[in-house]
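**Q** next input, structure requested:
(chains A and B)
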Amino acid sequence: MAGNEAVTEKKTRVAMPEQEPDYRRRNFEEVPLGYTPEMAVKEASRCLQCKSPSCVEGCPVEIDIPAFIQLIKEEKFDEAIKKIWEKNRLPAVCGRVCPQENQCEGRCVLMKKGRPIAIGNLERFAADFAREKGIEEASPRLVPTGKKVAIVGSGPAGLTAAADLMAKGHQVTIFEALHKPGGVLVYGIPEFRLPKDIVADEVESLERQGAEIECNTVVGRTVTINELFEEGYDAVFIGVGAGLPKFMNIPGENLVGIMSANEYLTRANLMKVYLFPEYDTPIPKGKNVAVLGAGNVAMDSGRTAMRLGADTVRIVYRRSREEMPARAAEIHHAEEEGIEFLLLTNPIRFLGDDRGRVVGMECIKMELGEPDASGRRRPVAIEGSEFEISCDLVIIAVGTDANPLLTRSTEGLKLNKWGYIEADPDTGKTSIEGVWAGGDIVTGSATVIQAMGAGRRAARSIHEYLTHNS
Amino acid sequence: MFEIVKRKEMANGTVILNEIKAPLIAQKAKPGQFVILKADERGERIPLTMADSDPERGTITVIYKVVGRSTELFKGLEVGDSYQDAIGPLGQPTHLEKVGTVVCVGGGTGIAVLHPIAQGLKRVGNRVVGIIGARTEGLLILEEEMRAVSNELFVCTDDGSRGHHGFVTDILKRVLEEENVDLVVAIGPVPMMKFVTEITKPYKVKTLVSLNPIMIDGTGMCGGCRVSVDGVNKFACVDGPEFDGHKVDFDQLMQRLRAYQSEEKTSSKAHRCRLDQ
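**A** Next up, the predicted model:
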């Protein structure tokens, strides 16, 4: 009997403790609380240490996953984090926000049994352990190359490129348009999913290693790419993100109380609205909130609205549950917190009062037809199925377009028909010599880790360019 | 940090001029563009169209009306104090070209934004007719400065305490009747800009207005500053802040500017409580 129990024990994935849904839905503290060392060791012990591990293939930055898990199993936590750092500069971030189910964990052989190793949780554990114990990545004493690289944008792509280039002895300056560095990690992803202290720590660690960070600098306006070269930079990496919010383009969209998720989340996260009036930036306090879209940004918006005191929050999505693009964990957390899902529903018109404030939405029911270009079944409106819902705040989270601010001011930079920068997928090289690009401004909206992968590939190519051109 | 090197109270202390050290912005700034200022860690990001810039001194000048929590905070900053953040120059500069006769209409603190534009329009060879107005003489700003850049200047006050007793639109109408006007630039409170465009419309005179809607980042990211222009949404931060006034939906703009009225009261009250402590 005892033997059987041990087998069952080994099969079960160690769950990460979380704040209770009823409690956390009204606070901004982080939801998952992290593994204890005992939990981490226990979870690490489940790893089969595959000879040719497919989890590594699923990782955009190719972390040696079995190796760091083995080190956790052996309780060599400081060595585990060093193993991760070999490939990933931002493990505390990635352990929290990567869509592991589509990457490393999705490829885990135990996935077939539905119980993949909790790689993300273990990565987070190792990173948090290092933060708590003050373990720092030992920066090798490098001979400075004397080359200077300008990094435009301080999001995941820019931070990764900067770290990799510094590791090769190049000098980097990161330019950020907002008043705080971190990009989407700071303005977009909420505190309860990614505490801002973690991002600040990562940025400070780069600064300690010698990176210069210039906030409040809008490249394209305050300074142009050409001027950066004139100032003596040898190469430029553009990682400015996608940026321009998409709207629905339906009647009534400019009513007060309807805003983009970019605006809503920036107010909440960057401007710290949840501390209003201690912080000065206001936000509309919706009682009945509708969020349009069903990606991670939609979940973040809905869960933020709940924490800011909403009575009801509804995710309104024109396709069905299966097509929702958000991470499984986000959908699960949102549901636990009482967020409702109004699926196969598409808004066709916003309704306002005499003061121009939104009071509701007219929607139409949808059904799924033939697959479209994205391979997902195309939603088709069901004639005559219109109905109204009432809401006093609408957050539009249906994606972003390319922000033209920088690209328009940079002559010779080749763009695709949607306005994104054309860059070589392997190297990040653009049509201008000495200029690389990566992240959402190349691919359109993607994930943090994909942007980091692009930053890494570009850094490799920039390093080659700088060493061969000297 | 962006240090205040000069500060002046205008219009009985309701309007403040700050000249701010910001060399990078000063090198690039052109008439019609704006900056975003943030006083301290907790402050709001406030967009303000620049009144002047001096690349040699490395400074920019903003002139703003004290209307709420954040501008009250700005007002408290003295020479030697600094803004924590200044971002810019943002938005499209005014297209300055010779068209003939230009009427520049300014109301309230809009006159501060109008001044460098009028100056630029005159410099490229236009005949500039200035019309500026305020509620009362004590609130009128930059009269001498506007006179210096206008071939002719009219002053109006609502109460008749200085110049014409009435609105800027009265004079505008007269000028449109009397001479051939090629362009009108109107900058001031939204209702003033709306009335100006209504008056110029039958005369088919192109009318530029400069808008200052609510925004966060100023780089096209939030979409809060969207304005309906000819039925199409434009972002004031990247497409503007100047637009063809005949195409702007001013009523909607006014509604959107009132979006945070109740929060504004809470914020100012909380601020005063903190000061009292």
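
**Q** drop to CA atoms for contacts and neighbour counts, all remaining ones
**A** Will do.

**Q** what number of residues lie near residue 199?
**A** No chain was given, so I picked chain A. Number of residues near A:Val199 (other C-alpha atoms under 10 Å in any protein chain shown) recorded here: 20.

**Q** wrong one, I was asking about chain B
**A** 17.

**Q** am I right that it is in a strand?
**A** No - counting by DSSP: H, G, I helix; E, B strand; the rest coil, B:Ile199 is located in no strand; its state is helix.

**Q** how close does the closest residue to it other than its chain neighbours sit to chain A?
**A** Using C-alpha to C-alpha, 6 or more residues apart in numbering or on different chains and skipping the chain neighbours, the partner closest in space to B:Ile199 is B:Lys173 (6.8 Å). Going from B:Lys173 to chain A by C-alpha to the nearest C-alpha, to the nearest Å gives 31 Å.

**Q** just to be sure, B:Lys173 is in a strand?
**A** No - counting by three-state DSSP, B:Lys173 is not found in a strand; it is helix.

**Q** got the residues of chain A near chain B?
**A** A:177-179, A:216-218, A:221-223, A:243-245, A:254-257, A:259-263, A:266-267, A:271, A:276-284, A:355-356, A:403, A:405 (C-alpha under 8 Å from any C-alpha of the partner chain).

**Q** which of those residues fall within helices?
**A** A:261-263, A:405 (DSSP state H).

**Q** tally of neighbours for A:Ile72?
**A** 26.

**Q** surely it meets A:Met39?
**A** No - A:Ile72 is beyond contact range of A:Met39, at 10.4 Å (criterion: C-alpha atoms under 8 Å).

**Q** how deep is the residue nearest to B:Ile199 tucked in, by neighbour count?
**A** Neighbours of B:Lys173 under the rule other C-alpha under 10 Å: 14.

**Q** now do B:His165
**A** 17.

**Q** tell me the phi and psi of it?
**A** phi -80, psi 100 (degrees, to the nearest 10).

**Q** doesn't A:Lys87 fall inside a helix?
**A** No - looking at A:Lys87 with three-state DSSP, it is coil, so not inside a helix.

**Q** could you find the closest non-adjacent residue to it?
**A** A:Ile63 (5.3 Å).

**Q** wait, what's in contact with that neighbour?
**A** A:56, A:83-84, A:86-88 (C-alpha atoms under 8 Å, 6 or more residues apart in numbering or on different chains).

**Q** just the buried subset of those, please.
**A** Buried members of the contacts of A:Ile63, scored by 16 or more other C-alpha atoms under 10 Å in any protein chain shown, are A:56, A:83-84, A:87-88.

**Q** quick one: least confident helix or strand in chain A?
**A** helix A:2-11 (a mean of 55; mean pLDDT, DSSP states H and E).

**Q** write out the residues of chain B neighbouring chain A.
**A** Residues of chain B lying near chain A by C-alpha under 8 Å from any C-alpha: B:24-25, B:28, B:42-44, B:69-70, B:85-90, B:216-217, B:219-224, B:226, B:238, B:252, B:255-256, B:259-260, B:263-264, B:266-267, B:270.

**Q** from the residues of chain A next to chain B, list the buried ones, please.
**A** Of the residues of chain A next to chain B, these count as buried by 16+ other C-alpha under 10 Å: A:177-179, A:216-218, A:221-223, A:243-245, A:254-257, A:259-263, A:266-267, A:271, A:276-277, A:279-284, A:356, A:403, A:405.

**Q** so which of these belong to strands?
**A** The strands, defined by DSSP state E, take in A:243-245, A:259-260 from those.

**Q** phi, psi of A:Phe103?
**A** Careful, residue A:103 is Gln; it's not Phe. According to degrees, to the nearest 10, A:Gln103 has phi -120, psi -120.

**Q** how about it: what's its closest non-neighbour residue?
**A** A:Gly58 (4.4 Å).

**Q** for the one you found, what are its contacts?
**A** A:Gly58 neighbours (C-alpha under 8 Å, 6+ apart): A:102-107.

**Q** and what of A:Thr410?
**A** A:220, A:224-226.

**Q** can you put these in CSV and add pLDDT, distance to A:Gly120 and neighbour count?
**A** Below are the contacts of A:Thr410 laid out as CSV (pLDDT from 0 to 100; distance: C-alpha to C-alpha, whole Å; neighbours: other C-alpha atoms under 10 Å in any protein chain shown):
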residue, pLDDT, distance to A:Gly120, neighbour count
A:Gly220, 94, 37, 20
A:Thr224, 95, 39, 15
A:Ile225, 96, 37, 24
A:Asn226, 95, 41, 14
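
**Q** out of the residues you listed, which is nearest to A:Ala294?
**A** A:Gly220 (32.5 Å; C-alpha to C-alpha).
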